[in-house]
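Colleague: here are the coordinates; sequence isn't available:
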């Protein structure tokens, strides 16, 4: 596609439910990143993929968070047993390769846990 | 541990004047630096970057300066325009170890007409 696409754009869920966020990177981009931005905060790194493998998962806030990427393309970020502090905008980005190159962001998924 | 710091949460300038946004970093392994602009309800948009082998990169109204000894970079916008009003994020990456971008907390720029 022309840009990074994320779905849904907005998600309201009840505390304790599981949610899945989807990211479609730019075609041909091998690196994919997940960040989140809580209200009034900067961008917090969660995880990145090089191809289908995730060399760095250190940013995931807890074991309720997981992510996978299949076919070197689409990625899903899953949050189990959501908590109110999970409410944030979840941003996905992709880049041609990993390392020193600019990343292109999607519009984000705004997650609200009530 | 904040490895990339933007100490000014906000900045207001008059249209036509220069905007200077500052960023400091602590990780000496960082060797590539970027600036992103973010409008409300949109993802960040890449603006300009600089490699650590340079000390200046210019693209139209936007210039990024890098001072490696001070671990400091700045973004200059001149002349500033009302459409430049947005949140600006500084980001850095290293060619070894974690290669994902590490972001600062952002500076909200308001350009007054």
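Modeller: Good, I have the coordinates. Because the structure is predicted, anything quoted here is derived from the model rather than measured. Numbering: from 1, shown residues only, chains lettered A, B, ... in the order given.

Colleague: what's next to the lowest-mean-pLDDT helix or strand in chain B, contact-wise?
Modeller: None of the helices or strands of chain B scores lower by mean pLDDT, DSSP states H and E than strand B:102-103, at a mean of 90. Contact with strand B:102-103 is made by A:35, A:42-45, B:3-4, B:27, B:30, B:36, B:89-93, as judged by CB atoms under 8 Å, 6 or more residues apart in numbering or on different chains. For the C-beta atoms, the positions are set from N, CA and C on the backbone; glycine is no exception.

Colleague: let me know the closest of those to residue B:56.
Modeller: Comparing these against residue B:56 with CB to CB places residue B:90 closest, at 15.8 Å.

Colleague: that closest one and residue B:37 touch, don't they?
Modeller: No. Taking contacts as CB atoms under 8 Å, residue B:90 lies outside contact range of residue B:37: 11.1 Å.

Colleague: who has more neighbours out of the two?
Modeller: Remark: of residue B:90 and residue B:37, residue B:90 carries more neighbours, 28 against 21, as counted by other CB atoms under 10 Å in any protein chain shown.

Colleague: rewinding a little: sheet partners, orientation included, of the least confident helix or strand of chain B?
Modeller: If you go by DSSP bridges, strand B:102-103 pairs up with strand B:86-94 (antiparallel).

Colleague: get me the contact residues on chain A for chain B.
Modeller: Contact residues, chain A versus chain B (CB under 8 Å from any CB of the partner chain): A:4, A:31, A:33, A:35, A:41-45, A:48, A:56, A:58-59, A:91, A:93, A:98-108.

Colleague: for the chain, which spans come out with low pLDDT?
Modeller: No chain was given, so I picked chain A. Applying pLDDT under 70 to chain A flags the ranges A:1, A:98-100.

Colleague: chain B is the one I meant
Modeller: Applying pLDDT under 70 to chain B flags residues B:1, B:96-99.

Colleague: tell me which stretches of chain B form helices.
Modeller: Taking DSSP state H, chain B contains no helices at all.

Colleague: and it, which residues reach chain A?
Modeller: B:6, B:31-32, B:34, B:36, B:41-46, B:49, B:51, B:89, B:91, B:93, B:95, B:98-106.

Colleague: just these: which are in strands?
Modeller: Counting by DSSP state E, the part of the residues of chain B next to chain A found in strands is B:31-32, B:34, B:36, B:45-46, B:49, B:51, B:89, B:91, B:93, B:102-103.
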